[in-house]
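[1] the following block contains a protein sequence and its predicted model.
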Amino acid sequence: MAPRTRTGNRPKDQASEARSEPHAMSSGDLTTEVYHKVRDAIRRGVLSIGERVTEAELAARFGVSRTPVRDAIIRLEADGLLTNEPRRGLIITDLSHQQTVELYFMREVLEGAAARLAAQSASDIELRTIAEIAESEAAHENDFAELGEINLKFHQMIVLAAHNRYLLRSLGQLSVTMSLLPSLLSRGNRAAMASAEHRAIVTALLARDSDAAEAAARQHVRSSLQHRMLLNIKDA
C-alpha cells in the first residue's frame, strides 16, 4: 500500500491547542480571590469594623460578578468576619470585649509555643531572617502601613520556623479573627514598644533560649492587649 501523502496543513490537535490557550479564572478561584481581598481590606482598615457591606457593593469594588461574592460571603460569615444583623444586614464583625480577651489569650498561648519551638528547631538562616525583619522596622519608624506589613512578616516567620504544621494551622485560623482588630501601631507609642519587644524575642531566639523566647513572645502579646484595652477605655 502506498504511503499517505499530506495534501494540506493538518489541524492542530485540539487538546494541545486547548493547553496553549490561557484559562479563564474559575468561579472557585474568584471566590477565593474575593475572600482574601475582603480579609485584607478589613486588616488594613479599608473596610471598617461595624461597616455595612452588600453583595452588590463588593462585586462593584472588586470588579467581579455577584456569584463569587455570594460564595465568598458564606466563607466570611463562617469565619466570623461578617455578621448578619437584623435590620442592618451584613456588617464587618465588631468583637466584644470578652471575645477580644479570649482571642488574645489563645494568641499568647500559641505564639509563645511558636517562639519556644522556633528557638529549638529553626535553622540558622531562619533565625537570621527573623532578625533582619525586626531590624528593618527602624527604617520605617513613621510609616505605619509598612510597619504593619513588617509586623505581619515577623510573626509569620516565627510560626514557619517552629516547624509544626498543626500550630501553623491553628495560628492561621486565629489570624483570620485577629484581622478584625485594628492595628495599634499608629496609636500612642505602641510602634516603639512593639519594636523593642520584637528585639527581645529575637535576642532569645538567636541564643536558642526556648524559655526566654516563649516568655518574650507571651509578654509581647500581653503588652498588645493591655495597650488595646487602655485605648478602648480612652475612646469610650
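    Ah, there it is.
[2] how many neighbours does residue 57 have?
    12 (other CB atoms under 10 Å). All C-beta atoms are positioned from the backbone trio N, CA, C, and that covers glycine.
[3] state the helix or strand in which the residue nearest to the spatial centre of the chain lies.
    The centre of the chain sits closest to residue 175, judged by CA atoms, centre = their mean, with a distance of 5.7 Å. Element membership for residue 175 (DSSP states H and E) is helix 165-178.
[4] what element comes up after that helix heading to the C-terminus?
    Toward the C-terminus, helix 165-178 is succeeded by helix 190-206 as the next helix or strand (DSSP H and E).
[5] who are the packing partners of that next one?
    If you count contacts as 3 or more CB pairs under 8 Å, 6 or more residues apart in numbering; DSSP states H and E, helix 190-206 packs onto helix 97-121, helix 124-135, helix 144-161, helix 210-235.
[6] put together JSON lines for those helices, with mean neighbour count on each row.
    JSON lines is the format used below for the helices and strands packed on helix 190-206 (neighbours: other CB atoms under 10 Å):
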{"stretch": "helix 97-121", "mean neighbour count": "18"}
{"stretch": "helix 124-135", "mean neighbour count": "17"}
{"stretch": "helix 144-161", "mean neighbour count": "19"}
{"stretch": "helix 210-235", "mean neighbour count": "17"}
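[7] residue 191 is nearest to which of the ones you listed?
    Residue 191 lies closest, by CB to CB, to one member of the helices and strands packed on helix 190-206: helix 144-161, at 5.8 Å.
[8] alpha carbons of that closest one, as CSV, please.
    Listed in CSV are the C-alpha atoms of helix 144-161, where the atom choice follows Å, rounded to 0.1, in the frame of the first residue of the first chain:
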residue,chain,number,x,y,z
PHE,A,144,2.7,52.7,60.0
ALA,A,145,1.3,50.9,56.9
GLU,A,146,4.8,49.4,56.2
LEU,A,147,5.3,48.7,59.9
GLY,A,148,2.1,46.7,59.8
GLU,A,149,3.4,44.6,56.9
ILE,A,150,6.7,44.1,58.6
ASN,A,151,5.0,43.1,61.8
LEU,A,152,2.9,40.5,60.0
LYS,A,153,6.0,39.0,58.3
PHE,A,154,7.8,38.9,61.6
HIS,A,155,5.2,36.8,63.3
GLN,A,156,4.6,34.6,60.3
MET,A,157,8.3,33.8,60.0
ILE,A,158,8.4,32.7,63.7
VAL,A,159,5.5,30.4,63.1
LEU,A,160,7.1,28.9,60.0
ALA,A,161,10.4,28.5,61.8
